[in-house]
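Enquirer: Provided below are the primary sequence and the corresponding predicted coordinates.
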Amino acid sequence: MTQSIIELQGVGKAFRSSDGRERPVLSGVDFTLREGEIVALLGQSGSGKSTLLRIMAGLVPADEGSVRYRGQPLHGPARAISMVFQSFALFPWLTVQQNVELGLEARGVPQAERAVRAEAAIDLIGLAGFEGALPRELSGGMRQRVGIARALVTQPDVLLMDEAFSALDVLTGERLREDILQLWRSGTMPTQAMLVVSHNIEEAVMMADRVLIFASDPGRIRCQLAIQLPQPREADSPQVRALIDEVYALMTAGATRHAAVAGGAPAEQPAPASLTDRLPEADVARMDGLLELLAEPPFGGRADLPPLADATGLTDAELLPLAHAVAQLGLATLEGGDLQITPLGRRYVDGGHRLRQQLFGQQLLAHVPLVAHIRHSLEQEAQGELPEAPFLRLLAEQLGGPQAESVLRTAITWARHGEVFEYDFHTGVMRLPTGDAAAA
Amino acid sequence: MTQPQRREFLARQIVDAPPNRWDWALLPLVLAAIVLLAYGAAQMAQPFHMGDALPLSLDPWQLPYYLLRTTLRMFIALGASLVFACVFAVLAAKYRLAERVLVPLLDILQSIPILGFLSITVTGFIALFPGSLLGVECAAIFAIFTSQAWNMAFSLYQSLRTVPAELQEAARVFQLSGWQRFWRLELPFAMPGLLWNMMMSMSGGWFFVVASEAISVSHQDIKLPGVGSYIALAIEARDLPAIGWAIACMLVAILLYDQFLFRPLVAWADKFRFEEGSADAAPRSWLLDWLRRARATQQVAGWCQRQLGRTLTLFKRSHDGTSIRARPAAPSARAERVWDAVLAAGVLFAIVRLVQFVHTEVGWHEVAHVFTLGGYTLVRVLVLIALAALVWVPIGVWIGMNPRWSGRLQAVAQFLAAFPANLFFPVAVMLVVHWKLNPDIWLSPLMILGTQWYILFNVIAGASSIPNELRLAAQNLGLSGWLQWKRYLLPAVFPSFVTGAITASGGSWNASIVAEYVTWGDTTLQARGLGSYIAQMTATGDFPRIALGIGAMVVFVMGLNHFLWRRLYRLAEDRMHF
């Protein structure tokens, strides 16, 4: 039985909002990181996986539950746990070598030994010759290499990667991933375990021995997938494609609350949508584009998500919210990792600008409770106007300040598109559209 | 080419420090302290027995030596400001309880007129070093210190509070101790802002140097050897050519300072730039390039780096997160409450003493009189800024949109802002006397003479950074006339204008002390206002009234900042940035 390095038991974390209310970000997370494994943590943005990573790194204390490193409780950042950051976190006024030596200098390692170890790490990561360069002279991929060298030079037990490749372009990210996996396989890394947080499904499947899928609100581990494929893995091999498909299905399962509307009669709903549900941050123009692509050959109305991602060139972080959004609005259904356009969706795609606007507005009122509530409240006002503050307060009680703002922004953008209501940025006032206001 | 309109480097009052009820509550405490100092000063006012030992001459060949003395004072003040800034910023950033007192305190100290500091502290310093020149020097250096220290302290404090989260996390993950973090992360991050503020403060400091070397307090007349005293002597002797020589000397001095200090330091600060700004805006300096290549500098710098490195490895963290000592201590609510109670008690006590002081020493009638005078000065400041805006904003926009001229003229405007305008005051006095003008109105432009350039060069910088696409779009749409100004140009330069106006306003209040009470030989002109009140009371040595005048000015400046400038700045931030 391999030893467990990091153990989380019943970990919970709540953030206190400005009005004193507590909003759980994580709850009941049980997780063990064992020696010799790479674990990937997948989830939507805002699901709390970064918070979980920081709790494991000791940067943030957990409100409930226990965090142990090799059996010892963890109160702060440990020497044996290193981290690679999403935006590299290099110190711009230090050279590459000075950046890599940072951890060693902090430990009191003398100058000569530091230089030797740092140069070895820089060589290992493939940046030999760049020791004297400043970070601003390097490209994104090279900067992340410096970040990795800095994390590895202290010979950590555990390496945590916080979306380390999401700030890089696809090609560079893939190369860097390959280099790290090669180092891992070669056995020259003293690191015993790695935890990779990502929202790129392919990256997770290619790297990890175990994939954990994170749910949000509150954050918890929804399910776990063990990957038995041997390394090195081919991105095009059928097993990997099948796994990616399976992960897509797991990630989108239970995400849609509304069954497809067939012929106008509402099917029964599995769980009623709540007013303060999070809205997927989807751009309307992209939703249109996605539906049009879906309706045409070669998809012909039904598509697997991975080929759809390839065809649109969107990353998972961009595609999944779009898929959820069109499903929520009843223009498509999302089940088992497949997106299928509904008859209403077809009418939408075939219609002109006017029809699309009407349908969009109509679906908003039917399927997005927040927009319906705002419209209903506006219709009851004599002037047809309301400030945004009461709605923000309502949302903030459930979601916390910044989340509430982004949900309201999305709702307003959609509502403007569907001409459900208008909004003035400077005054923060929502009002009925001028035509409807006369009728109301 | 430097970019002076960067808002985060804004020197004085415009910092998004959280609104704090202690700001106003602390005011009585500070006013009471001023009164205390005034009392002490009055007690210590003794005749100064060295007026005969200072040989001052109007010979132009003495000017380089006087310039040397003046510059020496500025550098000593600069060193003291740096130390103060470091101590203040670290205390305020790391300890919440200290922050609650220190930040409002700094806000208030910034509002005290610099020459007001001089009036109160000079007798104190003289008493500290009886029978030697040191006391007076200290007073002059202290006055210059106050013109620099508050800006730098605030800038460093702000930088410490806004270190990017990821860098802070990296510092913690890699086990950096507090000492290591300060030298590797926090101070380098704060360098650009600190250096920029330092240079801007020194630029503004020439004005106060000139005014603080010739001290006349309680009928004592003391002149320290320096350019300021030279000018004061020239004014007394009505020697116009000497004034001319002094102006030439200042021109040379500011040029030297610009090339040998300002530009190299600002160019060096680019090394610490955090955001990925445009590389072509990086300032260059021939001196810095030369120094960087010289072997001697490399060796000295290398030696300094090694010594610093030794201390860094020495002060390392002894334990990591797995030890119980890493467990964060719970914040003690009781300590906070005790501290709040102590502060509240202090404030109440101060209010009581202040009311007593006013009642017994100056009388409420005098207070009303002083506040009326303050009102006059306030009207002057606002009207003058409005006039300066009307004149310089269109010119600034025109220059800024013209890339050929903007670089050169912006440097000229910066130069003019640094030049001490009080060199021209005697000329103004002559003109006012000659044409028998009303000093109340015609002495006012002197207040804004030196500070209007801030508006100009900030507007130039703002106009030259209008995005090219916006310019092309406006051209394409054929915007012209009032519509062009209303919809496009004015909103575009509004943030820069506010930045410049804030600095100009602060500078004008400071200048009012020497601009509303001007002499030429034995002719003295006074305008009715708070500045002339303070100057008069300083000359006669009436310490309670000096304190009253300064206190009134603090209230006016703080009020103006809170109710006008902060609001405008927030408006500019929220609605009018690209």
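Expert: Thanks, I have it.
Enquirer: and the residue most central in space within chain B, what helix or strand is that in?
Expert: Among the residues of chain B, B:S147 comes closest to the average C-alpha position under C-alpha atoms, centre = their mean, at 4.5 Å. Using DSSP states H and E, the element containing B:S147 is helix B:134-161.
Enquirer: Any residue of the next helix-or-strand element following that helix touching chain A?
Expert: Along the chain past helix B:134-161, the next helix or strand (assigned with DSSP H and E) turns out to be helix B:165-173. Yes: Helix B:165-173 reaches chain A (C-beta under 8 Å from any C-beta of the partner chain) through B:166-167, B:169-170, B:172-173. (Glycine included, C-beta is placed from N, CA and C.)
Enquirer: Please pick the buried ones from those residues.
Expert: Buried positions within those, assessed by neighbour count (16 or more other C-beta atoms under 10 Å in any protein chain shown), are B:167, B:169-170, B:172-173.
Enquirer: Torsion angles phi and psi at the residue of chain A found nearest chain B?
Expert: Going by C-beta to the nearest C-beta, chain B is nearest to A:G76 of chain A, at 3.4 Å. The main-chain torsion angles of A:G76 are listed as degrees, to the nearest 10 and equal phi -160, psi -170.
Enquirer: quick one: contacts for it?
Expert: A:58-59, B:172, B:320-321, B:326-328 (C-beta atoms under 8 Å, 6 or more residues apart in numbering or on different chains).
Enquirer: Surely the residue nearest to the centre of chain B and B:G205 touch.
Expert: Yes: using C-beta atoms under 8 Å as the test, B:S147 is close enough to B:G205 to be in contact (4.9 Å).
Enquirer: Any idea how many residues pack against B:L571?
Expert: The burial metric for B:L571, expressed as a neighbour count using other C-beta atoms under 10 Å in any protein chain shown, is 13.
Enquirer: Distance of it relative to chain A?
Expert: The span separating B:L571 from chain A equals 11 Å under the rule C-beta to the nearest C-beta, to the nearest Å.
Enquirer: Could you show which parts of chain A are in contact with chain B?
Expert: With C-beta under 8 Å from any C-beta as the criterion, chain A comes near chain B at residues A:54, A:57-59, A:61, A:69, A:72-79, A:81-83, A:85-87, A:89, A:91-94, A:102-103, A:105-111, A:136, A:150, A:154, A:426.
Enquirer: 7 Å instead?
Expert: Contact residues (C-beta under 7 Å from any C-beta of the partner chain) of chain A with chain B: A:57-59, A:61, A:69, A:72, A:74-79, A:82-83, A:85, A:87, A:89, A:91-93, A:102-103, A:105-108, A:111, A:136, A:426.
Enquirer: For the spatially most central residue of chain A, pull up the helix or strand it's in.
Expert: Centre of chain A computed as the mean C-alpha position; nearest residue by C-alpha atoms, centre = their mean is A:S45, 2.7 Å away. Here A:S45, judged by DSSP H and E, is contained in no helix and no strand.
Enquirer: Then B:L378?
Expert: Per DSSP H and E, B:L378 falls inside helix B:363-400.
Enquirer: and the next element down the chain from that helix?
Expert: helix B:403-418.
Enquirer: For that following helix, buried residues please.
Expert: Within helix B:403-418, the residues that qualify as buried by neighbour count (16+ other C-beta under 10 Å) are B:406, B:409-418.
Enquirer: quick one, it and helix B:363-400 angle?
Expert: Orientation of helix B:403-418 against helix B:363-400 (axes from the mean of the first three to the mean of the last three C-alpha atoms, to 10 degrees) gives an angle of 160 degrees.
Enquirer: per the record, what domains does the chain have?
Expert: Assuming you mean chain A. A:4-251, A:284-349, A:365-439 (automatic domain parsing).
Enquirer: let's do chain B instead
Expert: What automatic domain parsing lists as the domains of chain B is B:49-278, B:363-578.
Enquirer: Pick out the shakiest of these, pLDDT-wise.
Expert: Ranked by mean pLDDT, the domains of chain B end with domain B:49-278 at the bottom, a mean of 82.
Enquirer: That one: how far from the chain's middle?
Expert: 8 Å (C-alpha atoms, centre = their mean, to the nearest Å).
Enquirer: swap in stretch A:10-24?
Expert: On the basis of C-alpha atoms, centre = their mean, stretch A:10-24 is displaced by 20 Å from the centre of the chain it belongs to.
Enquirer: hmm, who's touching it?
Expert: By C-beta atoms under 7 Å, 6 or more residues apart in numbering or on different chains, the list of residues contacting stretch A:10-24 from outside reads A:25-30, A:51, A:55, A:62-65, A:67, A:218, A:396-397, A:399-401.
Enquirer: Equivalent analysis for stretch B:555-573, please.
Expert: B:13-14, B:108, B:111, B:374, B:378, B:494-495, B:498, B:502, B:505, B:509.
Enquirer: Which ones among the residues you listed lie within strands?
Expert: Of the contacts of stretch B:555-573, none are assigned to strands by DSSP state E.
Enquirer: hang on, the earlier thing: from the contacts of stretch A:10-24, list the buried ones, please.
Expert: Applying a neighbour-count criterion of 16+ other C-beta under 10 Å, the buried members of the contacts of stretch A:10-24 are A:25-27, A:29, A:51, A:55, A:62-63, A:65, A:67, A:218, A:396, A:399-400.
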